[in-house]
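Q: This is a predicted model, with the sequence first.
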Amino acid sequence: MVKKQKLKPELPLGFQDKQENNLQIKNKLIEDIKKNFSLFGFEELETSSFEFTENLGKFLPDEDRPENGVFSFKDGKDWISLRYDLTAPLSRYVAKNFDNLPRPFKRFQIGTVFRNEKPGPGRYREFNQIDADIVGSANRLADAELCVLLDDTFKKIGLSQSQYNINISNRKLIQGLFEEIKLSDAKKKITAIRAIDKLDRLGLDGVIQLLSKGRKDRSGDFTKGANLKDQEIEMIVNFLKCGSDLDKAKQLSKNKIFNEGIEELKEIFSYLNNSNCSFAPTLVRGIEYYTGPIFEAVLTEKIKNNKGQVVEFGSVGGGGRYDNLISRFKGTEYPATGISIGLDRLIYAIQQIKKNTFVNTAPVVICVLDKTKYAKYLEILNTLRSASINSEIYSGDAGLKAQFKYADKRSAPAIVIFGDDEEKEGVVSVKNLKQGKLDSESIKDREEWKKSEAQIKVKLGDLVNAIKKIL
């Protein structure tokens, strides 16, 4: 007889189960963010999780099976894929409903997205995003509005200005610099962009090495560089040295595209009074995706990874202008700009930054001592639930000791007991589990236990007030 192999109760890498403490924070964040997005005049939209693969665009592969970045399968003659973001579905929706939408169209969406790529700390292959987009406006006020929305939303969820920053740049700056130094090789461009992106982690010397022949890290591993010429490297380094000084950056180049980017940024910043936003030349995200201004929300607070190591957590959101995405459907340029917040990454960080965010919603447990007393247990249950107190009658088959263990594992705030003694006295017993845990750490003998308020007897009419004091 062949022994049946046991299944492993494990999840694939990059996926997670979420317990109530995670879900509480998630639901509260969603509530606060939705409220704020509506305050800014955005309307909610929900699109399908699946799209035709060719409509997604960004991760379209050259292989027979489209699996580079997306989860896909063949449906009849067509390949369909789980969405990897909420922007591509929005573009398809706008193109389909073009004539019936207000212009500009301001929408927000909350949804699950899927990435078929390598997971990392706080990075998952299934995660939630919250997006806000303004479609149909080329006005720089629309870009500024999204930066203000991002900034205001982080304040509304309880982050201080010292804990995050909104970085702003423009795709046209790096594009103009590359034109200035006559860098046309696509591979060198990508290598240079990746080097620039590592400035905060490697410092200027490390970036220079990656722009040149390459860099060897502490482990001895060598990363091949972009092999740029000295004068090309100097131009890029001078740009990075501008820091947040937009006027200083303006002096670097007379390239037309570069200066278009500078002027666009100046207009955006003219609308951003008293915001936690700053120019960041190192911001080069989405170079193949965005057409102008780009934004990134970065946490500056130190966060620990799953191994307890302090890491630079970095981005929890971002976005930019993508004027070409809808044109794939409409055939003409249709301006759009948007932001996206990675909800799961934000939750991961919020749990460490705001440590007291979890509210215990476990029920008060009514123990079953005698099944003939169910009518009374139901009376007690209805009394508690009518007062909006989370509560339940123990539904297992075990004895009182096991019921106490059950309540403890549930983190129940209290236990209600009604047996023969309580029936004779016309009361119910309430065991305060929160107080009991505290007492167990300090009480040394039986006499002290008798004086403890961890267990009391009350009339049924006084039960709600007794429980509320515990809660």
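A: Looks like it arrived, so ask away. Computed from a predicted model, the values in this text were never measured in an experiment.
Q: From now on I want contacts and neighbour counts done on CA atoms only, so please keep to that.
A: Will do.
Q: A349 reaches I303, doesn't it?
A: Yes. Counting by Cα atoms under 8 Å, I303 is a contact partner of A349 at 6.5 Å.
Q: my guess is T223 contacts L210, does it?
A: Yes. T223 lies in contact with L210 (Cα under 8 Å); the separation is 7.4 Å.
Q: quick one, which of these two is more surrounded?
A: Comparing T223 with L210 by other Cα atoms under 10 Å, the one with more neighbours is L210, at 27 against 13.
Q: tell me which element the residue lying closest to I268 once chain neighbours are set aside falls in.
A: Nearest residue to I268 in three dimensions, chain neighbours excluded: A144, at 5.3 Å (Cα to Cα, 6 or more residues apart in numbering). Here A144 sits within helix 140-156, counting by DSSP states H and E.
Q: contacts for that helix?
A: Contacting residues not belonging to helix 140-156 are listed as 32-33, 36-37, 40, 132-134, 160-161, 166, 264, 267-269, 271-272, 275-277, 293, 295, 297, 320-321, 337-339 [Cα atoms under 8 Å, 6 or more residues apart in numbering].
Q: hmm, who's touching the helix or strand just after that helix?
A: Later in the chain than helix 140-156, the nearest helix or strand by DSSP H and E is strand 164-170. Strand 164-170 is contacted from outside by 147, 150-151, 261-262, 265, 276-281, 283-284, 292-301, using Cα under 8 Å, 6+ apart.
Q: Which members of those residues are classed as buried?
A: Buried members of the contacts of strand 164-170, counted by 16 or more other Cα atoms under 10 Å: 147, 150-151, 261-262, 265, 276-281, 283-284, 292-299, 301.
Q: Just the ones of the residues you listed in helices?
A: Applying DSSP state H to the buried ones among the contacts of strand 164-170, the entries found in helices are 147, 150-151, 261-262, 265.
Q: which residues touch the residue nearest the centre of the chain?
A: Most central in the chain under Cα atoms, centre = their mean is L343, positioned 1.8 Å from the mean C-alpha point. With contact set as Cα under 8 Å, 6+ apart, L343 has these partners: 26, 127-130, 316.
Q: Backbone dihedrals for it, please?
A: Note on L343: its backbone torsions stand at phi -60, psi -40 [degrees, to the nearest 10].
Q: what about it, distance to S244?
A: From L343 across to S244, the span is 28 Å (Cα to Cα, to the nearest Å).
Q: D397 now?
A: 66 Å.
Q: same check, this time on V428
A: 67 Å.
Q: any idea how the chain splits into domains?
A: The chain breaks down by automatic domain parsing into domains covering 20-47+83-183+228-353, 364-470.
Q: give the contact list for the residue lying closest to K250 once chain neighbours are set aside.
A: In space, and not counting its chain neighbours, K250 is closest to I262: 6.4 Å by Cα to Cα, 6+ apart. By Cα under 8 Å, 6+ apart, I262 lies in contact with 170, 173, 246, 249-250.
Q: Among those residues, name the ones in helices.
A: 173, 246, 249-250.
Q: Most neighbours out of those residues, which is it?
A: Neighbour max across the ones in helices among the contacts of I262 (other Cα under 10 Å) = L173, 26 neighbours.
Q: State which helix of the chain is the longest.
A: helix 20-39.
Q: contacts for it?
A: By Cα under 8 Å, 6+ apart, the surrounding residues in contact with helix 20-39 are 43, 108, 132, 149, 153, 156-157, 343-344, 347, 351, 357-359.
Q: Selection in PyMOL covering whichever of the residues you listed are buried, please.
A: Selection of buried members from these for PyMOL, criterion 16+ other Cα under 10 Å:
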select buried, resi 43+108+132+149+153+157+343+344+347+351
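Q: And the contacts of helix 20-39, which is closest to P9?
A: Nearest to P9 among the contacts of helix 20-39: D344, at 22.7 Å, using Cα to Cα.
Q: and the angle for the host helix or strand of that closest one with helix 20-39?
A: Here D344 sits within helix 343-353, counting by DSSP H and E. Using axes from the mean of the first three to the mean of the last three Cα atoms, to 10 degrees, the direction of helix 343-353 lies 110 degrees away from that of helix 20-39.
Q: Run through the neighbouring helices and strands of the following helix or strand past helix 343-353.
A: Moving toward the C-terminus from helix 343-353, the next helix or strand (DSSP H and E) is strand 364-366. The elements that strand 364-366 packs onto, with contact taken as 3 or more Cα pairs under 8 Å, 6 or more residues apart in numbering; DSSP states H and E, are strand 391-393, strand 414-417.
Q: Tell me where the stretch 201-350 of the chain has strands.
A: 214-216, 222-224, 277-279, 293-299, 303-304, 310-311, 314-321, 336-342 (DSSP state E, counting those that start in this stretch).
Q: Just the mean pLDDT for the fifth one, thanks.
A: This means strand 303-304. The pLDDT scores in strand 303-304 average 77.
Q: what packs against it?
A: Going by 3+ Cα pairs under 8 Å, 6+ apart, strand 303-304 lies up against strand 310-311, helix 343-353.
Q: Pairing partners for it, with directions?
A: Its sheet considered, strand 303-304 pairs with strand 310-311 (antiparallel) by DSSP bridges.
Q: quick revisit: deepest-packed of the domains of the chain, please.
A: Of the domains of the chain, the one with the most neighbours on average (mean count of other Cα atoms under 10 Å) is domain 20-47+83-183+228-353, at a mean of 18.
Q: Now the terminal residues of that one, how far apart.
A: First-to-last distance for domain 20-47+83-183+228-353 - Cα to Cα - comes to 18 Å.
Q: so V298 touches G342, yeah?
A: No. Counting by Cα under 8 Å, V298 stays clear of G342, with 11.3 Å between them.
Q: any common contacting residues for the two?
A: 316-317.
Q: quick revisit: in JSON lines: the helices and strands packed on strand 303-304, plus mean pLDDT.
A: Putting these into JSON lines (pLDDT from 0 to 100) gives the following:
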{"stretch": "strand 310-311", "mean pLDDT": "70"}
{"stretch": "helix 343-353", "mean pLDDT": "84"}
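Q: Kindly reformat these as TSV containing distance to L90.
A: As requested, the helices and strands packed on strand 303-304 are exported to TSV (distance: least, Cα to Cα, whole Å):
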stretch	distance to L90
strand 310-311	34
helix 343-353	19
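Q: Relative to T53, which of the ones you listed is closest?
A: helix 343-353 (24.5 Å).
Q: relative to strand 293-299, how tilted is the closest one?
A: 30 degrees.
Q: Just the angle for helix 343-353 relative to strand 314-321, thanks.
A: Using the same axes, to 10 degrees: helix 343-353 against strand 314-321 is 140 degrees.
Q: Isn't F42 up against K106?
A: Yes. Assessed by Cα under 8 Å, F42 is found in contact with K106 at 4.9 Å.
Q: now for the ones in helices among the contacts of I262, which pair is the farthest apart?
A: The most distant members of the ones in helices among the contacts of I262, if one measures by Cα to Cα, are L173 and L246, lying 11.1 Å apart.
Q: For stretch 214-229, measure first residue to last.
A: 13 Å.
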